[in-house]
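# here is a sequence with its predicted model. Questions after.
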Amino acid sequence: MNYISTRDTSVSPVKVSAAEAIKKGLAYDKGLYMPESIPALPEGEIERLMTLPYEKRAADILSMFLDDYDYDKLLADCTEAYSNARFPGGAAPVVNIGNNIYSLELWHGPTCAFKDMALQIMPRLLSRALTMTGEERIAHILVATSGDTGKAALEGYKDVPGIDIDVFFPVDGVSTMQKMQMTTQEGENVRVCAVVGNFDDTQSGVKTIFADAELAEKAEANGFFFSSANSINWGRLAPQIVYYISAYCDLVKNGDINNGDVINVCVPTGNFGNIFAAYIAREMGLPLGKLICASNSNCVLTDFIRTGTYDRTREFHKTMSPSMDILISSNLERLLFLLGGAEITADCMNQLAENGKYTAPESVMTKIREVFCGYYCDEAETAATISKTFNECKYLADPHTSVALGCVEKYKAETNDNTIVVVASTASPYKFGADVCTALGCALDSDAPADIINTLETASGTKAPMPLVKTLTMPVRFTTVIEAPDMAKFVFGE
Ligand SMILES: *Cc1c(COP(=O)(O)O)cnc(C)c1O
């Protein structure tokens, strides 16, 4: 299986192996790597996978895309990544919440957000890729985070051979819990640093380092090269295909559906990675009907699916579902490529870079609308959904999941389609405890994380996940605060 760039318009595009695609992240022409073709699930595969535990399902599905990886090593990596120790509640359990809606809980990992599903396995895939491609340098991962990604990357990359990681967060731009999660991080190869300013300052700082040829040479001289952990890497996307197939297997196994029945999927969407993985699973032959793309007030994708124009030149809203506060959904590029080809993709992406918007050809939009539909929930609707879901279904959902649940309701009202829907539940409600408490109408004594956890436990009758509780008492290891222009110095230990 070879990988090609979404922007390569030549008759015979440049091809790289999966290992190379994972090591490089971004293609040479700034496009994203895509498999040359999407493998089909073999006849009888659902019945076969149904009998297997998650780690075997993961290794078997990943090996269809990463056929240059040794299967036994892949299985060993998946077994470690998705072990009970790391996912005590199961890797991706499916919970029936009533009204033909199922919650696919993707947040039972070490950081209590769905990014763990990819970031527990991706560092292992990268580490193998370094060996497979004869790489002798250390991969030095740089991450700018507004909260969730940083912690999930730290947990994933800690103590992985051949890799170091620095995570930068805006000093006043993350929640108290998120800050505690990062500054107490364990591991010999990790560093965490606060940067004065907001998330944009931090992210610009990291981008500047990536783009600086002199710094790249200096890294080379020091025996390392810079690499990124963000969601445009195929190594982060491929593991996300697994849980849609796994969820389908579990629904059949539990007798909720018959094998072959079509189900819908709804995904709270930011960078379009998670929902694109569902699309790949559908292309592989998984019986998925509609893919419902759920957004918050930053509804750039809802507008795109409805109008065909992607326009990022709009007001940015800070919401209670911050991981979806995104105006450039990078992985949409992959969908454009699959449905429109490299020429259309390159053209749209150039327009986006130059004008902040593009209009996709109607032929492509027709194909997109056959599969996708888009809805969004504003802040009041999201809060109302948190409260309604808890009161009517006895299910405690975080704000991101609630955006999706609210969109499912809108979809059902508009279409009268009562097909079973699997909703990707992307974070533990305890990660966004203050907003969940407020939505449930319970008063908070203080904004201290321990108080928030206590209040939510009492109000909901549920228990906070252990990793979050543990964070409250862990020693702080990282206290450095720097100005954005000093980030390169920090990276080189100066
Ligand atoms: C990252 C994230 C999302 C958005 O996922 P994408 O793959 O970027 O679309 C949604 N919810 C939570 C909690 C996240 O951390």
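That came in fine, so what should we check first? Numbering: from 1, shown residues only.
# got the contact list for Pro322?
Residues near Pro322 by C-beta atoms under 8 Å, 6 or more residues apart in numbering: Ser146, Gly147, Asp148. For glycine as for every other residue, the C-beta is placed from the backbone atoms N, C-alpha and C.
# tell me how far it lies from Ser146.
6 Å (C-beta to C-beta, to the nearest Å).
# ok, back up a step: considering the contacts of Pro322, which possesses the most neighbours?
The most crowded member of the contacts of Pro322, judged by other C-beta atoms under 10 Å, is Asp148 (25 neighbours).
# and the pLDDT at that residue?
With respect to pLDDT, Asp148 scores 83.
# tell me who's in contact with it.
For Asp148, the contacting residues are Thr111, Ala113, Lys115, Gln178, Pro322, Ser323, Ala427, Lys431, by C-beta under 8 Å, 6+ apart.
# near the ligand, from those?
Contacts with the ligand within the contacts of Asp148, as defined by C-beta under 6 Å from any ligand atom: Ala113, Lys115, Ser323, Ala427.
# so which of these is surrounded by the most neighbours?
Counting neighbours by other C-beta under 10 Å, Lys115 comes out on top of the ones next to the ligand among the contacts of Asp148 with 30 neighbours.
# host element of the closest residue in space to that residue that isn't next to it in sequence?
In this structure, Lys115 finds its nearest non-sequential neighbour in Ala152, 3.7 Å apart by C-beta to C-beta, 6 or more residues apart in numbering. Taking DSSP states H and E as the definition, Ala152 sits inside helix 148-157.
# near the ligand at all, that helix?
Yes. Judged by C-beta under 6 Å from any ligand atom, helix 148-157 and the ligand are in contact via Asp148.
# quick one, the very next helix or strand once past that helix and helix 148-157 angle?
Next in sequence after helix 148-157, counting helices and strands by DSSP H and E, comes strand 163-170. Computed with axes from the mean of the first three to the mean of the last three C-alpha atoms, to 10 degrees, the direction of strand 163-170 lies at 160 degrees from that of helix 148-157.
# adjacent strands (with direction) for strand 163-170?
Here strand 163-170 has these sheet partners by DSSP bridges: strand 138-144 (parallel), strand 190-195 (parallel).
# the residue nearest to Lys115 against Trp107, yeah?
No. The pair formed by Ala152 and Trp107 falls short of the contact definition of C-beta atoms under 8 Å, at 10.4 Å.
# any common contacting residues for these two?
Ala113, Asp116.
# got a markdown table for the contacts of Pro322, with distance to Gly31 too?
Below are the contacts of Pro322 laid out as a markdown table (distance: C-beta to C-beta, whole Å):
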| residue | distance to Gly31 |
| --- | --- |
| Ser146 | 25 |
| Gly147 | 28 |
| Asp148 | 26 |
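# so which of those is the closest to Gln120?
Closest approach to Gln120 among these (C-beta to C-beta): Asp148, at 13.9 Å.
# what comes up buried for the lengthiest helix in the chain?
Ranked by residue count under DSSP state H, the longest helix found in the chain is helix 234-253. For helix 234-253, the neighbour count (16 or more other C-beta atoms under 10 Å) marks 234-253 as buried.
# just stretch 281-289 next, same as before
Ala281, Arg282, Glu283, Met284, Gly285, Leu286, Leu288, Gly289.
# among the residues you listed, which lie within strands?
Residues of those located in strands (DSSP state E): Leu288, Gly289.
# out of the buried residues of stretch 281-289, list just those in helices.
Using DSSP H, these in helices are Ala281, Arg282, Glu283.
# around the ligand, which positions in the stretch 201-350 of the chain sit nearby?
Ser231, Pro268, Thr269, Gly270, Asn271, Phe272, Gly273, Asn274, Ser323, Met324.
# so which of these are in strands?
If you go by DSSP E, these have Pro268 in strands.
# ok, which pair from the residues of the stretch 201-350 of the chain next to the ligand is furthest apart?
Top of the distance list for these (C-beta to C-beta): Ser231 and Pro268, 14.1 Å.
# which of the two has more neighbours?
With neighbours defined as other C-beta under 10 Å, Ser231 and Pro268 compare such that Pro268 has more, 31 against 21.
# in the sheet, who's paired with that one?
Under DSSP bridges, the beta-bridge partners of Pro268 are Ala294.
# the helices in the stretch 351-494 of the chain, which residues?
Using DSSP state H, counting those that start in this stretch, the helices of the stretch 351-494 of the chain run over 362-371, 379-393, 399-415, 433-440, 449-460, 466-471, 487-491.
# OK, contacts around Pro39?
Met1, Met64, Phe65, Met284.
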